[in-house]
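A.B. asks: sequence first, then the predicted structure:
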Amino acid sequence: MNKTALSLGFGSCPRCQKVNKMHNERQQCSRCHYWFHARKPNSIQKTMAWTITALVLFVPANLYPMMVLNTLGKTESSTILQGISAFVQVGHYPIAIIIFIASFIIPLGKIIGLFILIYNVKHKTNINLKRQSHLFHIVEKIGPWSMLDVFVVVVMASVVNLGFLSNIEVAIGASYFALMVIATLMAANSFDPRLLWDNKPLTKEQVYEQ
Ligand SMILES: [Zn+2]
């Protein structure tokens, strides 16, 4: 009772989920022969590095123009925020809200969520472990959705280009944004949620679930 699978000498295979008796920190799964670690090596350091990278990339993603609009020979570039306020001014609230959620709420929420998870593992916070696990799954699942933003720009570009009066080109800010999304995906991928449970003893049922 009240032990993690690892402390009992077991580890689950990330590929086929089989619970293996661990003889070493890294070993082969007895069922699917996949080599795996009891815990992802240097998980916290890697997660931290990718999360800081994402945070740094968030700055140019918002400072540099996301798109360049050419209307009747006039060239206008627009950052994410300028784009949002432009949509608000013409009353396209749903698009403004989608862009705001995809470009601010989701990426910042992910970055903050990752910092919270890193903090909790480092400081062995064992309150609300279930909620922490949920937080990780949200962070993990929500990642690709922030690409919605780039998608919106691309769709807008094609819609506007159909109007023949103006054309939109995707600008450098979009590249920083895409890199930031990739960095947060890497951060979530480097994080080993099992580390959260190392903070707290598990019940017997949870040991066998793992
Ligand atoms: Zn396996």
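C.D. replies: Ah, there it is. Residues are numbered from 1 along each chain as shown.

A.B. asks: and the helices in this protein, which stretches?
C.D. replies: For the chain, the helices defined by DSSP state H cover 43-63, 80-89, 93-100, 106-122, 129-142, 148-162, 172-190, 194-198, 204-209.

A.B. asks: the inter-axis angle of the fourth one versus helix 43-63?
C.D. replies: Taking axes from the mean of the first three to the mean of the last three Cα atoms, to 10 degrees, one finds that helix 106-122 is oriented at 160 degrees with respect to helix 43-63.

A.B. asks: mind listing what's buried in helix 106-122?
C.D. replies: By neighbour count with 16 or more other Cβ atoms under 10 Å, helix 106-122 contains the buried residues 106-107, 109-111, 113-115, 117-118, 120-121. From N, CA and C alone the C-beta is placed, and that goes for glycine too.

A.B. asks: just those now: which is nearest residue 9?
C.D. replies: Nearest to residue 9 among the buried residues of helix 106-122: residue 121, at 21.6 Å, using Cβ to Cβ.

A.B. asks: which bits of this structure sit near the ion?
C.D. replies: With Cβ under 5 Å from the ion as the criterion, the chain meets the ion at residues 13, 15-16, 18, 29, 31-32, 34.

A.B. asks: got a list of what residue 132 touches?
C.D. replies: Counting by Cβ atoms under 8 Å, 6 or more residues apart in numbering, residue 132 makes contact with 116-117, 120, 125, 196.

A.B. asks: report the lowest-confidence entry in these.
C.D. replies: Lowest pLDDT within the contacts of residue 132 is found at residue 125 (76).

A.B. asks: how much space separates that residue from the ion?
C.D. replies: Separation of residue 125 from the ion (Cβ to the ion, to the nearest Å) stands at 31 Å.

A.B. asks: skipping adjacent residues, who's closest to that residue in space?
C.D. replies: Distances taken as Cβ to Cβ, 6 or more residues apart in numbering put residue 199 closest to residue 125, at 6.6 Å, once the chain neighbours are dropped.

A.B. asks: these two touch, right, that neighbour and residue 122?
C.D. replies: No: with contact defined as Cβ atoms under 8 Å, residue 199 does not reach residue 122; the gap is 10.0 Å.

A.B. asks: returning to what we had before: out of the residues of the chain next to the ion, which are buried?
C.D. replies: 13, 29.

A.B. asks: present the residues of the chain next to the ion as a markdown table; the columns should include pLDDT.
C.D. replies: Shown next, in a markdown table, are those (pLDDT from 0 to 100):
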| residue | pLDDT |
| --- | --- |
| 13 | 86 |
| 15 | 86 |
| 16 | 88 |
| 18 | 88 |
| 29 | 91 |
| 31 | 91 |
| 32 | 92 |
| 34 | 92 |
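
A.B. asks: if we can go back for a sec, of the contacts of residue 132, closest to the ion?
C.D. replies: The ion lies nearest to residue 196 out of those, by Cβ to the ion, at 22.2 Å.

A.B. asks: quick check: closest non-adjacent residue to the closest one.
C.D. replies: Leaving out its chain neighbours, the residue that sits closest to residue 196 by Cβ to Cβ, 6+ apart is residue 132, at 5.1 Å.
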